[in-house]
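# Give me coordinates for this.
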Amino acid sequence: MSKIYAVGDIQGCAPSLKALVKKLPAQSKMIFLGDLVNRGPDSLGTLRYLKQLQEEQRIECILGNHDLHLLAVDAGIRKTKGLDTVQPILDAPDRAELINWLRHRPMALSNGKVLTVHAGVLPQWDLQQTIECAQEVEKALRRKSYKDFLAQYVWQYSQQVEQLIKRLRSPSHHYQCTHSHSFLHSRRRNGV
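Got it, this is the predicted structure:
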């Protein structure tokens, strides 16, 4: 069995990506674990290069939150932010082809022994549930009505952020954090 190289968060750094790929053995299996675009200097070049490698069956790419952000911006659901570097993709003549390719990337991959995802998995989920949930999202992104799914995803995410901010500002949350941190610190100090 050949080695599998898993690489996370390319974030539009095409020169570093190309240098890395050159250093790996030619027949290596590579899996890029999301956040393929955004932040780095060449998101467009990164996406084109990864698409080419995937079409040559040399790699696979998993979607990350920056990739979903690009899909939402392309769909007109979100606006670009100050540090975003996705505008060249949005202005590219092959934009539709690149966006379509990105929409067809998986959210998770597994060979039965190893699971690869972008950010993590809820500890309550087993492998089957993780793959099933990933496949639900993948199917939604591949439908013609994928923009409706993205709009719902962005709305739910913004609601979760608002709830988190409210919770973080509550006095009871401050007490719980302080209490748990002091308890953990005193337990470590006492060797327990």
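
# residue boundaries of the helices in this structure?
With DSSP state H, the ranges of helices along the chain come out as 14-23, 43-55, 65-74, 87-91, 95-103, 127-142, 146-169, 171-189.

# Quick one: list the elements packing against the third one.
If I follow you right, that is helix 65-74. Judged by 3 or more CB pairs under 8 Å, 6 or more residues apart in numbering; DSSP states H and E, helix 65-74 is in contact with helix 87-91, helix 95-103, helix 146-169. Where C-beta positions appear, they are placed from N, C-alpha and C, glycine not excepted.

# Run through who's touching the longest one.
Helix 146-169 is contacted by residues 68, 71-72, 75-78, 103, 137, 140-141, 143, 173 when judged by CB atoms under 8 Å, 6 or more residues apart in numbering.

# Just the buried positions in it, please.
Judged by neighbour count using 16 or more other CB atoms under 10 Å, the buried positions of helix 146-169 are 146-147, 149-150, 153-154.

# follow-up on the earlier one: quick one, which of the helices and strands packed on helix 65-74 is nearest to Met30?
For Met30, the closest of the helices and strands packed on helix 65-74 is helix 95-103, at 16.6 Å, according to CB to CB.

# Point to the helix or strand of this structure where mean pLDDT is at its lowest.
helix 171-189 (a mean of 45; mean pLDDT, DSSP states H and E).

# between the helices and strands packed on helix 65-74, which gets the lowest average pLDDT?
Taking the mean pLDDT of each of the helices and strands packed on helix 65-74, the lowest value is held by helix 146-169, a mean of 77.
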